[in-house]
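Chemist: Kindly generate the corresponding structure for this input.
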Amino acid sequence: MAAVLISACGSDGGAGGGSSPESGDAAVTVPNDAQDLRGRRVVEIRVVDNEFEPSVFRVDPGAEIVFENRGRNPHNVTPADEGSFEGIPTEDLQPGKRASMSISDEGVYRYYCTLHGTPDRGQNGVIIVGDVS
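Modeler: I've put the predicted structure just below:
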C-alpha cells in the first residue's frame, strides 16, 4: 500500500493511501525521458496553463512534491490508476496556489489533470518513485 501525504499550502490537507500502481492489469513502464530529481527533499513542479513542467520525473521515496499553479486556469492532480495515490483536488490548485504530496512506495505513478487531459492525452505525466527500472 502506498503511503501518501497530501497537504495544500494555506488550506487543510488530508492523508490517505492506495494500492501500488503495478497491481492493475496494464503493465506500467518507466519512461526514458524522466527528469531525475532524486536527492532533493522537496521537488517543485510548475503547472502552467495545461502543462506540468516537468511532466515526467523521478524522485526519492518520501520526497515532498510541490505542484505550483503559475497559470491562469485551475488544475488538479489525479491518479490515472485509481487508488494508487490520493490526488490534489481542483480547489487546492487554483491560480497562484501551491499544493504538495509525498509518495513513500517505489513505483511508477501516472497522473493527469481532469480539466485539461486524460491519462493518455493532454495534461498528464508520470512520477517515478525510487530506483524502479
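Chemist: all strands in this structure, in order from the N-terminus.
Modeler: Under the criterion DSSP state E, strands of the chain are mapped to 2-8, 15-18, 35-36, 42-47, 52-53, 56-59, 64-69, 78-79, 98-103, 107-117, 122-129.
Chemist: and those strands, which one is worst for confidence?
Modeler: Confidence, taken as mean pLDDT, is least for strand 15-18 of these (a mean of 34).
Chemist: Quick one: the strands of the chain as CSV, columns for distance to Glu86 and mean neighbour count too.
Modeler: Backbone N, C-alpha and C define where each C-beta goes, glycine included. Converted to CSV, the strands of the chain look like this (distance: least, Cβ to Cβ, whole Å; neighbours: other Cβ atoms under 10 Å):
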stretch, distance to Glu86, mean neighbour count
strand 2-8, 5, 19
strand 15-18, 4, 16
strand 35-36, 23, 12
strand 42-47, 16, 18
strand 52-53, 17, 18
strand 56-59, 16, 22
strand 64-69, 12, 20
strand 78-79, 8, 21
strand 98-103, 7, 23
strand 107-117, 11, 21
strand 122-129, 13, 22
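Chemist: Take the ones you listed and write them to TSV, including distance to Glu91.
Modeler: Listed next are the strands of the chain as TSV, based on distance: least, Cβ to Cβ, whole Å:
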stretch	distance to Glu91
strand 2-8	8
strand 15-18	16
strand 35-36	28
strand 42-47	14
strand 52-53	18
strand 56-59	24
strand 64-69	12
strand 78-79	13
strand 98-103	10
strand 107-117	12
strand 122-129	17
